[in-house]
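turn this into a model:
(one chain, ligands or ions: 1)
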Amino acid sequence: ELGDFEHYMLKEIFEQPQTIENAMRGRFDEDEATAKFGGLNLTPQQLRRVDRIVLTACGTSWHAGLVGEYLLEEFARIPVEVEYASELRYRNPPLTDRTMVFAITQSGETADTLAAMRECKRKGLSTLAICNVVGSSIAREADGGIYLHAGPEIGVASTKAFTSQVTALVMLSLFLGRMRHLSYQAGKRIIRSLKAMPETIAKTLECHDQVQEVASRYWNLENFLYLGRLYNFPVALEGALKLKEISYIHAEGYPAAEMKHGPIALIEERTPSVFIVPRGGIYPKVISNMEEVRARKGPIIAIACEDDEKVAELADEVICVPEVEEHLQPLVTSIPLQLLAYHVALLRGCNVDRPRNLAKSVTVE
Ligand code: M6R
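Below is the predicted model:
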């Protein structure tokens, strides 16, 4: 089953051009410049009434939810909250019958996510799932939802499920956006860049050798910071989680500008910062955050677009990714971070597919 790959994690990372394609298959309505989903089980009238969305999940799926928040608010202009399922299940936030809840989960068996979903259902809310495993508990109990079609994910560290979740959330934002404020032209543009994504991801994977070299220079350090802004802030959290769980290195993700409110105290010669700094968005602001790190002698590993001279000047290492629209950047920028965690863990002699203390699905509270 592993084919040419040494580990499931690496195999799953390299499956991403295909899994993203699978998440999109049959889900575009070109004439209407929108997405379509077979299983939401809600009428256009019901969907049009939604005035708030709650996304609930754990771990990596929660990070995908954070990307979803930015996407849904930007394209559909619906207020979104992203709740840790373990908190939501015991909280009592004011939700109305116009709130739509999505549980995001690869396995569909995560105990906290299932419990949060049941709590929302009990309150009579429309509760849907964005789920990979067909027929899992969450998929069965949800009122409807979106399957990821990513195929089995064996590695404990979630990789392809994350990019599939983000793809599903881009499509959901397109769909809900087109029911509201998003123009036909804007819809068309999103569809065009989504359709190019499998190829873009294949190109992104060409950074593999570069990442491996970077890993060989940094694998024996004990603290890492991951910094990004806007759409790349959740990517920073996700990159840090990947490194923590499989290499047992302490890593923290932050919105880059928050650094000066505390984490900057950690910067020194043995604490590298991984900056996610593709062009677009508030790129110049991230550059000045990089300057702040550099001034304190912190090593910088940058995930940036090709031919970025400014970044090359400031960073010790540059890992290049293709340039894509801002809202699609997480699909691209998360990939070198998955590879970085993989190679660092490998060099440290860790069991990448089955890290200590972790299970693939957390079915206990
Ligand atoms: O199956 P789920 O998506 O519900 O799992 C949620 C988390 O347990 C999971 O994403 C976990 O954080 C991964 N090990 C991260 O790589």
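
quick one: residues contacting the residue of the stretch 1-150 of the chain found nearest the ligand.
Distances between the stretch 1-150 of the chain and the ligand by CB to the nearest ligand atom are smallest at Gly59, namely 1.9 Å. Placement of C-beta: from N, CA and C, glycine included. Gly59 makes contacts with Ser158, Leu241, as judged by CB atoms under 8 Å, 6 or more residues apart in numbering.

Arg89 versus that one, what's the distance?
In this structure, Gly59 and Arg89 are 15 Å apart, going by CB to CB, to the nearest Å.

can you check Glu222 too?
Taking CB to CB as the criterion, Glu222 is separated from Arg89 by 34 Å.

swap in Ala359?
If you measure Ala359 against Arg89 using CB to CB, the figure is 19 Å.

looking at the two, which is more packed in?
Under the criterion of other CB atoms under 10 Å, the comparison of Ala359 against Arg89 puts Arg89 first, with 20 against 11.

hmm, that one is touching Ala111, no?
No. At 9.4 Å, Arg89 does not count as touching Ala111 under the criterion of CB atoms under 8 Å.

which residues of the chain lie near the ligand?
When proximity is defined as CB under 6 Å from any ligand atom, the chain approaches the ligand at 58-61, 105-107, 110, 113, 156-158, 241, 245, 358, 361-362.

so, low pLDDT: which residues of the chain?
Along the chain, the model assigns pLDDT under 70 to no residue.

helices of that one, start to end?
8-14, 16-24, 44-49, 59-75, 85-88, 111-122, 137-141, 160-178, 184-204, 208-218, 232-247, 283-295, 309-314, 329-347 (DSSP state H).

sort out which residues of the last one are buried, please.
Of the residues in helix 329-347, those with enough neighbours to count as buried (16 or more other CB atoms under 10 Å) are 329-346.

next: stretch 50-68.
Applying a neighbour-count criterion of 16+ other CB under 10 Å, the buried positions in stretch 50-68 are 50, 53-68.

ok, back up a step: separation between the residue of the stretch 1-150 of the chain closest to the ligand and Glu1?
Distance, Gly59 to Glu1, by CB to CB: 24 Å.

ok, Ala157 next?
Distance, Ala157 to Glu1, using CB to CB: 17 Å.

between those two, point out the one with more neighbours.
When neighbours are counted by other CB under 10 Å, Ala157 and Glu1 differ, and Ala157 comes out ahead with 30 against 7.

cross-check the contact I'm expecting between that one and Pro355.
Yes. Applying CB under 8 Å, one finds Ala157 in contact with Pro355, separated by 7.2 Å.

who touches both of those two?
Contacts common to Ala157 and Pro355, judged by CB under 8 Å, 6+ apart, are Glu245, Ile246.

which residues does stretch 24-40 contact?
Taking contacts as CB under 8 Å, 6+ apart, the residues outside stretch 24-40 that touch it are 47, 128, 144-147, 149, 167, 171-172, 174-175, 178-179, 184-188, 191, 194-195, 197.

got the buried residues for that stretch?
Met24, Arg27, Phe28, Ala33, Thr34, Ala35, Phe37, Leu40.

for those residues, which one is nearest Asp307?
The closest of the buried residues of stretch 24-40 to Asp307 turns out to be Met24 (CB to CB; 29.3 Å).

list the single closest residue to Ala115 in space, sequence neighbours excluded.
Nearest-residue entry for Ala115: Arg89, 4.4 Å, with adjacent residues in sequence omitted and distances by CB to CB, 6 or more residues apart in numbering.

residues in contact with the one you found?
With contact set as CB under 8 Å, 6+ apart, Arg89 has these partners: Asp112, Ala115, Ala116, Glu119.

including neighbour count and distance to Ala76, could these go into JSON lines?
Below are the contacts of Arg89 laid out as JSON lines (neighbours: other CB atoms under 10 Å; distance: CB to CB, whole Å):
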{"residue": "Asp112", "neighbour count": "24", "distance to Ala76": "27"}
{"residue": "Ala115", "neighbour count": "16", "distance to Ala76": "27"}
{"residue": "Ala116", "neighbour count": "28", "distance to Ala76": "22"}
{"residue": "Glu119", "neighbour count": "19", "distance to Ala76": "25"}
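
most centrally placed residue in the protein?
With distances taken as CA atoms, centre = their mean, the residue of the chain nearest its centroid is Ala64 (3.9 Å).

what is the burial count for the closest residue to that one other than its chain neighbours?
The shortest distance from Ala64 to any non-neighbouring residue, by CB to CB, 6+ apart, is to Gln165 (3.7 Å). For Gln165, the tally of surrounding residues (other CB under 10 Å) stands at 29.

which parts of stretch 280-293 are buried?
For stretch 280-293, a neighbour-count test (16+ other CB under 10 Å) marks Gly281, Tyr283, Val286, Ile287, Asn289, Met290, Glu292, Val293 as buried.

tell me how far it is from the chain's mean position?
Relative to the mean C-alpha coordinate of its chain, stretch 280-293 is positioned 21 Å out (CA atoms, centre = their mean, to the nearest Å).

could you do stretch 197-211 as well?
With CA atoms, centre = their mean as the basis, the mean position of stretch 197-211 lies at 16 Å from the chain mean.

next one: stretch 29-46
23 Å.
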